[in-house]
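Peer 1: could you look at this predicted model? Sequence included:
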Amino acid sequence: MKRTPLIAGNWKMHLTEAQAVTLARKLLWGLTRLPAGGVEVLLCPPFTALSSLHKLLISDPIRLGGQNMHASTQGAFTGEISPLMLAEFCQYVILGHSERRALFQETDEDINLKARSAVQHGLVPILCVGETLAERQAGRAETIIYAQLMAGLQQVGIHRGSQLVIAYEPVWAIGTGQTATPEVVNQLIAATIRPALVRLFGEPVGQAIRVLYGGSVNAGNAVVFLSQPEIDGALVGGASLDSDAFLAIVSAAL
Ligand code: 13P
């Protein structure tokens, strides 16, 4: 099945609003010099930059996403952001990133509530799954990932593959310069992630959902990951803060 590649930049807690606009301008300029179409580009800046980037990108195909979200639409949740607020600016929202699971104690149940809410409000969740080094060394990577998918996606009411994206990010590969082997990632998607999606959503929808790889993707290694048949794009952290590196990763998907 042909799935349009998605290259997503997760800027994490980096860049002021002014710096974010500068980076987005450089990316816009660079993208106009690449062949149009064939790849979808998504930026997930800090919340404070969403409004400005939305104005900047209004007539451009670059998509915007949040990095997290509360499941409720409004209420007394100091410091949180709601799906309605994100939906003003964004098409996507990253959910269940390993940093949120590890540093902010997010559980599969929390992530499931968020994913259901995101879909209800027309946002496409990018559900992150992945094993720790200890889990991989214990031979439990596949079991952990399958369980994260089943728990995170129960009763998520999608009808088209375009309403959901999965990002496989092995925790030990994030920000470490260490990457998983592209062939091993490809095999893991084919044997574990895709069957879980088909089981949850049926054959046509499950086959159409894009599965990204994330973890130390850079300009040098993007081509080998993106040439794997089961890897439909990349969720890029550190390298997405450098316009040349990010543009090279986008080019690798073309
Ligand atoms: P790095 O690309 O910096 O390893 O980060 C990956 C990531 O966490 C993207 O969500």
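Peer 2: In hand now; what should we look at?

Peer 1: so is stretch 180-200 next to the ligand?
Peer 2: No. Legend: contact between stretch 180-200 and the ligand by Cβ under 6 Å from any ligand atom is lacking; minimum distance shown is 11.1 Å. Using the backbone N, CA and C atoms, a C-beta is placed for each residue, glycine as well.

Peer 1: quick one: residues in contact with that stretch.
Peer 2: With Cβ atoms under 8 Å, 6 or more residues apart in numbering as the test, stretch 180-200 has contacts from 129, 141-142, 145-146, 149-150, 153-154, 156, 166, 168, 170, 173, 205-207, 209, 211, 213, 215, 224-225, 227-231.

Peer 1: now, which of the residues you listed lie within helices?
Peer 2: Cross-referencing those with the helices (criterion: DSSP state H) gives 141-142, 145-146, 149-150, 205-207, 224-225 as the overlap.

Peer 1: contacting residues around the residue in the stretch 101-250 of the chain that the ligand sits nearest to?
Peer 2: Closest to the ligand within the stretch 101-250 of the chain is G237: 2.2 Å, counting by Cβ to the nearest ligand atom. Going by Cβ under 8 Å, 6+ apart, G237 touches 10, 12, 174-175, 214.

Peer 1: repeat that for 7 Å
Peer 2: 10, 12, 174-175 (Cβ atoms under 7 Å, 6 or more residues apart in numbering).

Peer 1: who wins for neighbours among the residues you listed?
Peer 2: Neighbour tally across those (other Cβ atoms under 10 Å): the maximum, 26 neighbours, falls on N10.

Peer 1: how about low-confidence regions in this structure?
Peer 2: Scanning the chain for pLDDT under 70 picks out nothing.

Peer 1: which stretches of it form helices?
Peer 2: So, for the chain - with DSSP H - the helices run 17-32, 50-56, 83-87, 98-103, 108-120, 133-137, 141-152, 182-188, 194-201, 203-208, 222-226, 243-252.

Peer 1: can you list those in CSV and add mean neighbour count and distance to C44?
Peer 2: Putting those into CSV (neighbours: other Cβ atoms under 10 Å; distance: least, Cβ to Cβ, whole Å) gives the following:
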stretch, mean neighbour count, distance to C44
helix 17-32, 16, 11
helix 50-56, 16, 9
helix 83-87, 19, 11
helix 98-103, 16, 13
helix 108-120, 20, 13
helix 133-137, 14, 25
helix 141-152, 18, 18
helix 182-188, 17, 21
helix 194-201, 18, 22
helix 203-208, 15, 22
helix 222-226, 20, 18
helix 243-252, 21, 12
